[in-house]
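Student: Please work out how this folds:
(chains A, B, C and D)
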Number of protein chains: 4
Amino acid sequence: MITAGVIGATGYAGSQLVALLSAHPQVRLAYVASHSYVGKRFGEVYPSLFPIGDLILQEEDIEEASHVCDVLFVALPHGMASHKISEEILSRCVVIDLGADFRLSDRAVYESWYQCDHPSSHLLTESVYGLCELHRRAIKGARLIANPGCYTTCSILALAPLVGTGLVDPTSLIIDSASGTSGAGRSEKIGSLFCEVNENYKAYGVTNHRHTPEIEQELSLQNGAPLVVQFTPHLVPMNRGILSTCYANLKAGVGEDEVRAAYEEYYGDEPFIRLMGSDLPETRFVRATNVCAIGWKVDERTKRVVAISAIDNLVKGAAGQAVQNMNIRFALGETTGLATSVASPL
Amino acid sequence: MITAGVIGATGYAGSQLVALLSAHPQVRLAYVASHSYVGKRFGEVYPSLFPIGDLILQEEDIEEASHVCDVLFVALPHGMASHKISEEILSRCVVIDLGADFRLSDRAVYESWYQCDHPSSHLLTESVYGLCELHRRAIKGARLIANPGCYTTCSILALAPLVGTGLVDPTSLIIDSASGTSGAGRSEKIGSLFCEVNENYKAYGVTNHRHTPEIEQELSLQNGAPLVVQFTPHLVPMNRGILSTCYANLKAGVGEDEVRAAYEEYYGDEPFIRLMGSDLPETRFVRATNVCAIGWKVDERTKRVVAISAIDNLVKGAAGQAVQNMNIRFALGETTGLATSVASPL
Amino acid sequence: MITAGVIGATGYAGSQLVALLSAHPQVRLAYVASHSYVGKRFGEVYPSLFPIGDLILQEEDIEEASHVCDVLFVALPHGMASHKISEEILSRCVVIDLGADFRLSDRAVYESWYQCDHPSSHLLTESVYGLCELHRRAIKGARLIANPGCYTTCSILALAPLVGTGLVDPTSLIIDSASGTSGAGRSEKIGSLFCEVNENYKAYGVTNHRHTPEIEQELSLQNGAPLVVQFTPHLVPMNRGILSTCYANLKAGVGEDEVRAAYEEYYGDEPFIRLMGSDLPETRFVRATNVCAIGWKVDERTKRVVAISAIDNLVKGAAGQAVQNMNIRFALGETTGLATSVASPL
Amino acid sequence: MITAGVIGATGYAGSQLVALLSAHPQVRLAYVASHSYVGKRFGEVYPSLFPIGDLILQEEDIEEASHVCDVLFVALPHGMASHKISEEILSRCVVIDLGADFRLSDRAVYESWYQCDHPSSHLLTESVYGLCELHRRAIKGARLIANPGCYTTCSILALAPLVGTGLVDPTSLIIDSASGTSGAGRSEKIGSLFCEVNENYKAYGVTNHRHTPEIEQELSLQNGAPLVVQFTPHLVPMNRGILSTCYANLKAGVGEDEVRAAYEEYYGDEPFIRLMGSDLPETRFVRATNVCAIGWKVDERTKRVVAISAIDNLVKGAAGQAVQNMNIRFALGETTGLATSVASPL
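Tutor: Just a heads-up that it's a prediction; the model follows:
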């Protein structure tokens, strides 16, 4: 049994995390904090989680939380965690940061894409990028785990085997993604109102979305050399789910067999990866689960591979992968407390 | 460990049942049948349930199934179960029927509302109406359990305490309900197409919906004398959920205290009833759970009580309550395998 | 050709009004104001209305606007119009107020339901309740027209013929309504976020919604004596549309013939009322039109009539009826610039 | 005044066409036919179009229709129009075919992608591809106009200026599109049920969608040499709208100025093209209109242009463009009867 805390518990990712942790058989929730709802009952904000409805929301005091927790999950807007996480805190407890502050190992890249200074850049070399399937070994010994972004998890998992085994031209990568609206968070923005999102489909962050450098960092690692990607996110009128449709030019002679072999080499034994081959994934197939489903088609006409991956943005794309990271870090059994299937329609 | 079978496994209620049973720690799924998909893999029809994706769908042979199952769930269109359930089958296994055929104890009422003969009306006296909170004792000894309808579960639970304790005028009951679209089933009907349902709200079955006599039967039992109700269902562009807004004229002198006392008397200890008082329920509060949430307002101006109840139509309104019935019947622990809360938005 | 102004042009009702007026063949838009977007292009806020995209939004200066407009539409939160509309303004131009401030003729009723003083209650006796089908004659000579609320338009139109011809028990009226989310307006509220509304259905304002006294005022007029109604609104995950399901106990001897006759007497010649009899309306039948569709069922079992009405809340429930009021007031041809049908699905 | 007929009037595109034609000031609807609803009132199938509700649906007899119509719109599944359109029919009336049968000028390409013979391939050389902005001159004299597909209209319009002016590498074209569900038509398919589409996002037809050769034919014309494209459609849980996100590698030295100039050269005076530059289009901006909105971003990092276009799939992508073709062919004024803007949210 380990004790866990959540800072930023009433956002969509944070509350999904509270839901997962409160049902996790080896976790005791010791600190649950929310800037906006200090002193309120959790059930006032999320009535659907009524078994923990009487839990009182505390101040977001990471210092205090670090004294009572073995693991501290931080789900704050970018720029905040990097101010609050210190050597002292990390000496007391493991931190799993769901924000963007410790994902990019190159400070200059962070400061360029996020347009702000990084106040604790010395921790960037220590932090481990918590994409479990690619960095499991490092996660086991980490004090600071940077939980990946939602688009990035979905997109990197789809392309890593193709790039890492050298099957595709690394200059040709195009990632066209779409997300449900919970990805925009629970803040009061006109653009997130029901009537602005419903019955609409749009691209946003075209050419400059902040998940781009994360994807490039990880695929460059796979590539063994720097690469750039074209990444375009879209907004879908649904609550949850991300689908990435990824395009890459195949190298000469590469066909279906090589592509399949690459995916099986990378993910053959992974508990949360579901390889579907030409039965392409849909977001509902993985809704409310920690699974990333991946399918692909080799196009003989165009000599490209189209790889398609789907996740639940709040689970594998945020809270679920955070729990998976905790499970790995504390050797709790990687799948404990995480669903792999679900009834449909949900 | 008991063995279970599902006849009609690929409808929305049936597949939700398969999902619940396959995750139930004390159940082994021994027979899963679907008329439309005989010989196919379950995963072809429901890719989201991939851990049981390789399960092969069998013919809907209740006779054969009854030899290998302790409990048999039947989820067929009305008129079919009554032809197939026999004394012999009941001598071998418990039957939980999710259809309408054994819900109405009065054959004439059935034949009048369903416009067809009832071929096994001798079983109507034996069958137990499986609304767990009201008939738990009888369920424990039943061979044939008629699992209630979705609207009926939601509406009866909201009104039973008020009618049963004599707080309201039994001639004044009006039930205005609304359901998500999975209630219409997974059949190919123009009226269930996305573009016909989305961005629309409508009433249907006005004055003649077949759940009416079920509600009347149960509330008449509570009333100790026959009563009729006004019941109007509506269709909501969402996947799951039912909300019943119930109106009743209060008897003289009845106020908030008496109303609250009635609900607490009926449901104070119920694991799947959540009394919310004036914090009214919404369908998302109980999505994907087996909970019925109930709230109410006493209107001093009009001398009425407005009681509002919410369920997930596929869980407490169908598959979940069927599992709850199984749990009660086989003394497995009433809440085993059934969720009572969920992250939101889902 | 008349000149028109809109104060509050960037809310959902206001922008629908701008859209209708800009396409109206006998209107010139002379003043378009928005508190939140002063100095911005209209097209920045509503890119879908691009032919008027370069129109610059002005300050909400009713005084100034009244000098350049024949008719001034005011779409402000309640409590604001009553501070700004004066005898002087009315001496210069006709005011059609889409807010609640001048709808209730009894100041005490207003102050009780809205919990605030009414600063210009002397205008309450002058203002005409702009439900066109019931007050057309008075509208023709009005200086101040109080455009009705959305729920109220829908509900009053359904019940007025039944109450006005004495067919139903006036103590038995129950109105169960549901609205699309644009009715909640374009303000930044957590409760209006996509993820809070989508896949959910809820009641709100139970027993105390502010449209109740409006309905009671108008139905009391029809009744010839005060009455109270039970009114319950619900929120539907769709953009537009209101459906009211109205219940009333029929007086002895009243049947289908009398009910039909009452509707035909009231609305036989109305251009924007569509009587559907037992073919019940759905919200999509009137989407984007100024039509109110009404159907009904007489329930012989319960001796009640269930009347169902549907409107588009932003058109007949707000901007469309405002234009209809203008058309009547300025003798422009009542249907000019207002749609009565639409392609589906929309 | 011309007389028009519609064959296939009760599909979503067909009924949108009937709606547009019935409101068109220079058209008289003389023949409205539907295979599935012969003899029924149009209003039984589409109650929202009630002003033409009493119009009786006729048999789909193109021969007969051609005797009474100046222009005949044919909206049938592929393979049917090519059997029914003959020299004789074309000698009597202009045919605008909304299906796929006459869009591909190369019979072999048609037979390869559609996997069926083409029975009237002699008409392929005569038929004009009715993408109005690119083939206006030929449309003016055409007897047989092949109205383009929905995805194709949207995608070709976005890429034609870039390809036609030689700004991009013609081997690099990738088109990632998404459509509302009305594009799947009004047929009873499990995959089109509300609960199968709602809360889901998926790709389909990956590498083999039949709109691919249409796009390739038209862009090859612009290119002056054959090219292939990568085209991936997706399904969005909304009623209407298509967005195409198009990627192309820029030739050396090409920047924002050249891109903008290309769009302005092609579409500067087009009444139904709305160039938005870096203010990217969303589907709601053009909902219910005949407009194609186009925006673009030049990505200096990747040396690509991302062009994004949006249309209403039932209007500019089907019925609206068909009316535009009629307007051009009969010199009725190209914009007559076609909307260019709309209130939002709709």
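Student: Touching, residue A:164 and residue A:225? I think so.
Tutor: No: counting by CB atoms under 8 Å, residue A:164 does not reach residue A:225; the two are 12.0 Å apart. Any C-beta I mention is one placed from the backbone N, CA and C, and that applies to glycine too.
Student: Okay, and the nearest residue to residue A:266 once chain neighbours are set aside sits in which element?
Tutor: Computed as CB to CB, 6 or more residues apart in numbering or on different chains, the closest residue to residue A:266 that is not its neighbour in sequence is residue A:161, at 4.1 Å. In this structure, residue A:161 sits in helix A:150-164 according to DSSP states H and E.
Student: what does residue A:248 give?
Tutor: Going by DSSP H and E, residue A:248 is part of strand A:242-249.
Student: Next, the buried residues of that strand.
Tutor: A:242, A:243, A:244, A:245, A:246, A:247, A:248, A:249 (16 or more other CB atoms under 10 Å in any protein chain shown).
Student: just to revisit the earlier point, could you report the separation of the residue nearest to residue A:266 from residue C:110?
Tutor: Distance from residue A:161 to residue C:110, counting by CB to CB, to the nearest Å: 68 Å.
Student: likewise residue A:283?
Tutor: Applying CB to CB to residue A:283 and residue C:110 gives a distance of 49 Å.
Student: Then residue A:238?
Tutor: If you go by CB to CB, the gap between residue A:238 and residue C:110 works out to 42 Å.
Student: quick one, phi psi at residue A:125?
Tutor: phi -80, psi -30 (degrees, to the nearest 10).
Student: can you count the residues close to it?
Tutor: 8 (other CB atoms under 10 Å in any protein chain shown).
Student: and if you look at the one 5 residues further on?
Tutor: The tally of other residues near residue A:130 (other CB under 10 Å) stands at 29.
Student: after the strand holding residue A:248, next one along is what?
Tutor: That would be, after strand A:242-249 and using DSSP H and E, helix A:256-267.
Student: neighbouring strands for the helix or strand that that next one is followed by, and are they parallel or not?
Tutor: The helix or strand immediately downstream of helix A:256-267 is strand A:273-277, counting by DSSP H and E. Using DSSP bridges, strand A:273-277 pairs in its sheet with strand A:292-299 (parallel).
Student: Check which helices and strands the next helix or strand after the partner strand is in contact with.
Tutor: Downstream of strand A:292-299, the first helix or strand assigned by DSSP H and E is strand A:304-311. Other elements packing on strand A:304-311 under the criterion 3 or more CB pairs under 8 Å, 6 or more residues apart in numbering or on different chains; DSSP states H and E are helix A:150-164, strand A:242-249, strand A:292-299, strand D:230-235.
Student: export the ones you listed to CSV and tack on mean pLDDT?
Tutor: Shown next, in CSV, are these (pLDDT from 0 to 100):
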stretch, mean pLDDT
helix A:150-164, 98
strand A:242-249, 98
strand A:292-299, 98
strand D:230-235, 98
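Student: ok, so of the buried residues of strand A:242-249, who is nearest residue D:3?
Tutor: residue A:245 (45.8 Å; CB to CB).
Student: wait, the closest one sits on residue A:310?
Tutor: No: the pair residue A:245 and residue A:310 does not pass the contact test of CB under 8 Å, sitting 10.1 Å apart.
Student: wait, isn't residue A:278 in contact with residue A:305?
Tutor: No: counting by CB under 8 Å, residue A:278 stays clear of residue A:305, with 11.5 Å between them.
Student: Next, show the common contact partners of those two.
Tutor: Common neighbours of residue A:278 and residue A:305, counting by CB atoms under 8 Å, 6 or more residues apart in numbering or on different chains, are A:296, A:297.
Student: quick one: which of those two has more around it?
Tutor: Neighbours were counted for residue A:278 and for residue A:305 using other CB under 10 Å; residue A:305 has more, 25 against 12.
Student: hey, where'd the strands end up in the stretch 101-250 of chain A?
Tutor: For the stretch 101-250 of chain A, the strands defined by DSSP state E, counting those that start in this stretch occupy A:128-129, A:144-146, A:174-179, A:202-203, A:230-235, A:242-249.
Student: For the longest one, list the C-alpha coordinates in CSV.
Tutor: Think strand A:242-249. Extracted in CSV, the C-alpha atoms of strand A:242-249 (Å, rounded to 0.1, in the frame of the first residue of the first chain):
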residue,chain,number,x,y,z
ILE,A,242,-7.9,10.8,-29.7
LEU,A,243,-7.2,9.3,-33.1
SER,A,244,-3.9,10.0,-34.9
THR,A,245,-3.8,9.3,-38.6
CYS,A,246,-0.1,9.2,-39.4
TYR,A,247,1.5,9.2,-42.9
ALA,A,248,5.0,8.2,-43.8
ASN,A,249,6.8,7.4,-47.1
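Student: strands paired with it, and their directions?
Tutor: Strand A:242-249 has its sheet partners listed here by DSSP bridges as strand A:174-179 (antiparallel), strand A:304-311 (antiparallel).
Student: the inter-axis angle of that strand versus strand A:230-235?
Tutor: On the basis of axes from the mean of the first three to the mean of the last three CA atoms, to 10 degrees, strand A:242-249 is oriented at 150 degrees to strand A:230-235.
Student: What does the pLDDT read for the residue in the stretch 101-250 of chain A that chain B sits nearest to?
Tutor: Nearest residue of the stretch 101-250 of chain A to chain B (CB to the nearest CB) works out as residue A:239 at 4.3 Å. Looking at residue A:239, its pLDDT is 98.
Student: which residues touch it?
Tutor: So residue A:239 contacts A:180, A:181, A:182, B:345, B:346, C:194, C:195, C:198, C:199, D:199 (CB under 8 Å, 6+ apart).
Student: what about 7 Å?
Tutor: A:180, A:181, A:182, B:345, B:346, C:195, C:198, C:199, D:199 (CB atoms under 7 Å, 6 or more residues apart in numbering or on different chains).
Student: Next, give me the two most distant ones among these.
Tutor: Among those, A:181 and B:346 lie farthest apart (CB to CB), at 13.0 Å.
Student: How far does the helix holding residue A:161 sit from its chain's centre?
Tutor: Centroid displacement of helix A:150-164 relative to its chain, using CA atoms, centre = their mean, to the nearest Å, is 12 Å.
Student: now do stretch A:18-25
Tutor: 18 Å.
Student: same deal with stretch A:41-52?
Tutor: 24 Å.
Student: Can you show me the CA trace of it as PDB?
Tutor: Taking C-alpha atoms only, stretch A:41-52 is exported to PDB below (Å, rounded to 0.1, in the frame of the first residue of the first chain):
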ATOM      1  CA  ARG A  41     -16.400  18.500  -0.900                       C
ATOM      2  CA  PHE A  42     -15.100  16.600  -3.900                       C
ATOM      3  CA  GLY A  43     -18.700  15.500  -4.500                       C
ATOM      4  CA  GLU A  44     -19.800  19.100  -5.000                       C
ATOM      5  CA  VAL A  45     -17.600  19.300  -8.100                       C
ATOM      6  CA  TYR A  46     -17.900  15.700  -9.300                       C
ATOM      7  CA  PRO A  47     -21.200  14.200  -8.100                       C
ATOM      8  CA  SER A  48     -20.600  11.100 -10.200                       C
ATOM      9  CA  LEU A  49     -17.700  10.100  -7.900                       C
ATOM     10  CA  PHE A  50     -20.000   9.900  -4.900                       C
ATOM     11  CA  PRO A  51     -18.200   7.200  -2.900                       C
ATOM     12  CA  ILE A  52     -15.400   9.800  -2.300                       C
END
